[in-house]
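A.B. asks: What shape does this take:
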Amino acid sequence: APGPGERVLDLSAAPGGKASYMAQLMRNTGTLVANDASAARQKATSANLQRMGVVNALVVCGDGRKLPRRMSGFDRVLLDAPCSGLGVLSRDPAARLQRTAADVRRCAHLQKELLLAAVDATRVGGTVVYSTCSVAAEENEQVVHYALQRRHVRLVDSGLPFGSPGMVKHMERRFSPAMAQCRRFYPHQHNVDG
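C.D. replies: Numbers count the residues shown, from 1 in each chain. This is a model prediction of the structure:
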């Protein structure tokens, strides 16, 4: 978790709930950059950070894939990536009819680019947390596997005593045994959204 005085980036921050919580963990010190590509959604981020009394945050609106060209050296980066939302279908049953395999592929492509940007924005020895609200391996293990192949990074134990281990194989794909250190949360098993 972020601590006081650190430099932290929330790469896909809107509407600001996680950024507000990180600012609290940082005791409103250090620097928190809350980025999102949507200007309309960043209005909510600004409002929520102000409402919560956050004074150590800089709200930025830009393509997260390009952010490391302007800012880097963060101690910690959170990427709660835009996704297909396959883990929250119980909240919106109509979405089941709207999601397609092409949507998942499109999201996974963006997620891979954003995760590489998150790694590039992090200082050596820093920490990146990647999450989605999808249960699809294409948007989770395959994205993490992609980053492991393209950057000098490693997976570490999350320390979370709950959730299911990340998949080390999915259909014909095999992943690093370290992927088991990741955590999956299933709506039907853990009483949460995916």
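A.B. asks: Which elements pack onto the longest helix seen in the chain?
C.D. replies: The longest helix of the chain (DSSP state H) is helix 101-121. Counting contacts by 3 or more CB pairs under 8 Å, 6 or more residues apart in numbering; DSSP states H and E, helix 101-121 is packed against strand 74-80, strand 122-131, helix 141-150. Glycine gets a C-beta too; all of them are placed from N, C-alpha and C.
A.B. asks: Give me whichever of the ones you listed is most buried.
C.D. replies: When the helices and strands packed on helix 101-121 are scored by mean count of other CB atoms under 10 Å, the highest mean neighbour count falls to strand 74-80 (a mean of 23).
A.B. asks: partners of it, with directions?
C.D. replies: Note on strand 74-80: by DSSP bridges, its sheet partners are strand 7-10 (parallel), strand 122-131 (parallel).
A.B. asks: Run through who's touching it.
C.D. replies: Here strand 74-80 makes contact (CB atoms under 8 Å, 6 or more residues apart in numbering) with 2, 6-12, 18, 22, 33, 64, 114-115, 118-119, 121-123, 126-133.
A.B. asks: quick one on the thing from earlier: could you dump the strands paired with strand 74-80 into TSV with distance to Ala108 and mean pLDDT added?
C.D. replies: Shown next, in TSV, are the strands paired with strand 74-80 (distance: least, CB to CB, whole Å; pLDDT from 0 to 100):
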stretch	distance to Ala108	mean pLDDT
strand 7-10	21	98
strand 122-131	12	98
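A.B. asks: Tell me which of those strands sits nearest to Met71.
C.D. replies: strand 7-10 (7.3 Å; CB to CB).
A.B. asks: Which residue ranges of the chain form helices?
C.D. replies: Secondary structure of the chain (DSSP H): helices at 17-25, 39-51, 95-98, 101-121, 141-150, 187-190.
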